[in-house]
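Q: Task: produce atomic coordinates for the following.
(one chain, ligands or ions: 2)
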Amino acid sequence: MSSLNQNLQKLFTIAQKPVKVGIGLMSGTSLDGLDIALCSFTGNGLQTSFKLLQFITIPYGQSFKNEVQQVFARKTVDLEQITLLNAFIGDYHGELVLQALEMWKINPVLVDFIASHGQTIYHAPKRLHQRPGYSNATLQIGDGDHLAVKTGILTISDFRQKHIAAGGEGAPLALYGDVLLGSKPGENRILLNIGGIANLTYLPADGDTAKVLCTDIGPGNTLIDAACRKYFNVAYDQDSAIANKGKVNDVLLATLLDHPFFNEELPKTTGPELFSLTYVEQAQARSETENIRNEDLISTLSMFTVVSIVNFIKQHIVADSLNIFVSGGGARNPFVITHLKKAFADTTIADTGSLGIDPDAKEAILFALLGNEALCGEPIVIGNNPAVLMGKFSFPL
Ligand SMILES: Nc1ncnc2c1ncn2[C@@H]1O[C@H](COP(=O)(O)OP(=O)(O)OP(=O)(O)O)[C@@H](O)[C@H]1O
Ligand SMILES: CC(=O)N[C@H]1[C@@H]2OC[C@@H](O2)[C@@H](O)[C@@H]1O[C@H](C)C(=O)O
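A: Ligands and ions are numbered 1, 2, ... in the order given. The predicted model follows:
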């Protein structure tokens, strides 16, 4: 009789540990840097308890951003560039993990697993590609084998494909983390993440998972960032300095809001493939607002984010009292948060820090949690959402 090889033996040992130490990695659509969350987990599913032990975002250098931008959300790309980046990003993320561990003075052998999102380079649900015979599709690069070999740590990666295989759109995976870590009986909650794209999870007070809703809403920071890069040569509108100098153009705003995506069935997902500067330029042409001041454009795009979130919540979430908890870089955008608070004057709006979930770390924690589930969880049934365990295993040796 043959026995398990050393990889599978190690996998069994890790899966059976009562406390697991895992690193969650998220490299989002904003391309600002790699979020690294070192967490410990006990239990799984609704019995999960976790601690965030360390967190850091290691910013990407401009040359790396330029390399990724060449293939990011573009229909036509250099295939060699993608092939090279797939290996490069895996290896580079491994190197950044080692740097973080060294900074934290933690020996890599103490880490049971890495759970890596990778870098989304194209997100193509059916509504975007509209090609008969093809399913929802998404592509994250930064191969897990390279991370595992670089760090010597068991790596779980490429979480989104199983979700699609089981009938989903590959996103938002926040659903699973939010239900496991964010629900509170007796309280209607919205966990709103304003990253490149804005998404939310509605968690009803009665805990009825059939009523849980998790979906993308529309643009978060992606259009603001893209316009800041193009017209102001800065990566983003720090502290809304530009938006606050401008004036919202209501005609352009109405035109931006006039897209069938906002009336699509739920849950739905999107990305910078749809909400790009091309989208903004077309809206400017349609509304004859091409000549507005650049500051007015940034104000209008910031308000576009606000109004699409407000419209969505008012249209889809009917609850007597509601608490909204915000995460993602958009939680730091004063223009966006101030206008959200104005629109929901009777609602508590705080960041997820008040729930014990660091708003910058939330998505990296999500992937660590999904890694923990891949090791020792069971598929979780939440309404009609795919009930599958996600992630692929890569071994160092
Ligand atoms: N001080 C600030 N003022 C204004 N905006 C800010 C500030 N800090 C961060 N942001 C915004 O947050 C963005 C980064 O957000 P985040 O890290 O959540 O994105 P991401 O993880 O790439 O997104 P996604 O969830 O779409 O993958 C920045 O590009 C910027 O737009
Ligand atoms: C395909 C993809 O990378 N989608 C991201 C993106 O960034 C925000 C939003 O769009 C969300 O749907 C998703 O990420 C988070 C982590 C999610 O799946 O919940």
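
Q: and Ser116, that's in a helix?
A: No: membership of Ser116 in a helix is not supported by DSSP: H, G, I helix; E, B strand; the rest coil, which gives strand.

Q: distance of it from Ala227?
A: 30 Å (Cβ to Cβ, to the nearest Å). (Glycine included, C-beta is placed from N, CA and C.)

Q: Those two: who's more crowded?
A: Higher neighbour count among Ser116 and Ala227: Ser116, with 35 against 20, using other Cβ atoms under 10 Å.

Q: Contacts for stretch 127-140 next, please.
A: Contacts with stretch 127-140, where a contact means Cβ atoms under 8 Å, 6 or more residues apart in numbering, come from 117-126, 157-158, 160-161, 164, 168-171, 261, 264, 268, 270, 273-274.

Q: Figure out the length between the terminal residues of it.
A: From its first residue to its last, stretch 127-140 covers 19 Å (Cα to Cα, to the nearest Å).

Q: got the residues of the stretch 251-397 of the chain near ligand 1?
A: Counting by Cβ under 6 Å from any ligand atom, the positions of the stretch 251-397 of the chain adjacent to ligand 1 are 328-330, 332-333, 363.

Q: In helices only, show me those residues.
A: With DSSP state H as the criterion, helices contain Glu363 from among those.

Q: quick one: the residue of the stretch 251-397 of the chain found nearest ligand 1 from Gly196, how far?
A: The stretch 251-397 of the chain approaches ligand 1 most closely through Gly329 (1.8 Å), counting by Cβ to the nearest ligand atom. Noted for Gly329: a distance of 8 Å to Gly196, by Cβ to Cβ.

Q: what sits in contact with each of these two?
A: Shared contacts of Gly329 and Gly196, counting by Cβ under 8 Å, 6+ apart, come down to 30, 220-221.

Q: Just the buried ones from these, in PyMOL syntax?
A: Per 16 or more other Cβ atoms under 10 Å, the buried members of the shared contacts of Gly329 and Gly196 correspond to this PyMOL selection:
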select buried, resi 30+220+221
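
Q: Any chance of the shared contacts of Gly329 and Gly196 in TSV with distance to ligand 2 and pLDDT as columns?
A: Below are the shared contacts of Gly329 and Gly196 laid out as TSV (distance: Cβ to the nearest ligand atom, whole Å; pLDDT from 0 to 100):
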residue	distance to ligand 2	pLDDT
Ser30	8	90
Gly220	7	98
Asn221	10	97
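
Q: so what's Gln140 bridging to?
A: Thr120 (DSSP bridges).

Q: max-length helix in the chain?
A: Longest helix in the chain, counting by DSSP H: helix 79-103.

Q: Please give me every residue in contact with the residue in the stretch 251-397 of the chain that ligand 2 sits nearest to.
A: Nearest residue of the stretch 251-397 of the chain to ligand 2: Glu363, at 4.4 Å (Cβ to the nearest ligand atom). Applying Cβ under 8 Å, 6+ apart, we find Glu363 in contact with 24, 26, 28, 35, 117, 174, 193, 195, 327-328.

Q: Strands of this structure, start to end?
A: 19-27, 33-42, 49-59, 113-124, 137-141, 155-157, 189-194, 197-203, 213-219, 323-327, 348-351, 392-394 (DSSP state E).

Q: Throw those into TSV and include distance to ligand 2 and mean pLDDT, thanks.
A: Shown next, in TSV, are the strands of the chain (distance: least, Cβ to the nearest ligand atom, whole Å; pLDDT from 0 to 100):
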stretch	distance to ligand 2	mean pLDDT
strand 19-27	6	98
strand 33-42	10	98
strand 49-59	14	97
strand 113-124	3	98
strand 137-141	5	98
strand 155-157	13	99
strand 189-194	6	98
strand 197-203	4	98
strand 213-219	5	98
strand 323-327	10	98
strand 348-351	17	95
strand 392-394	16	98
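
Q: tell me the most buried of these?
A: strand 155-157 (a mean of 29; mean count of other Cβ atoms under 10 Å).

Q: Not counting its own residues, what contacts that one?
A: By Cβ under 8 Å, 6+ apart, strand 155-157 touches 113-118, 140, 142-145, 147-148, 370-371, 374-375, 391-394.

Q: Output stretch 371-388 as CSV, restricted to C-alpha atoms.
A: In CSV, the C-alpha atoms belonging to stretch 371-388 read as follows (Å, rounded to 0.1, in the frame of the first residue of the first chain):
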residue,chain,number,x,y,z
GLY,A,371,-8.0,29.9,2.8
ASN,A,372,-9.1,28.7,6.3
GLU,A,373,-12.3,27.4,4.8
ALA,A,374,-10.5,25.7,1.9
LEU,A,375,-8.5,23.8,4.6
CYS,A,376,-11.1,22.9,7.1
GLY,A,377,-14.5,24.3,6.1
GLU,A,378,-17.7,23.0,4.5
PRO,A,379,-19.5,24.6,1.7
ILE,A,380,-21.7,27.3,3.1
VAL,A,381,-25.3,27.8,1.9
ILE,A,382,-26.3,31.5,1.7
GLY,A,383,-29.4,31.9,-0.3
ASN,A,384,-28.9,31.0,-4.0
ASN,A,385,-25.2,31.8,-4.0
PRO,A,386,-22.7,29.1,-5.0
ALA,A,387,-22.0,26.9,-2.0
VAL,A,388,-18.5,25.7,-2.7
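
Q: quick one: buried residues of that stretch?
A: Of the residues in stretch 371-388, those buried (16+ other Cβ under 10 Å) are 371-377, 380, 382, 385-386.

Q: quick check, it touching ligand 2?
A: No: figure legend: stretch 371-388 not in contact with ligand 2 (Cβ under 6 Å from any ligand atom); closest approach 11.9 Å.

Q: Which residues does that stretch contact?
A: 11, 14-16, 20, 22, 24, 41, 44-46, 48, 50, 113-115, 156, 162-163, 165-168, 175-176, 179-180, 209-212, 214, 267, 389-391, 393.
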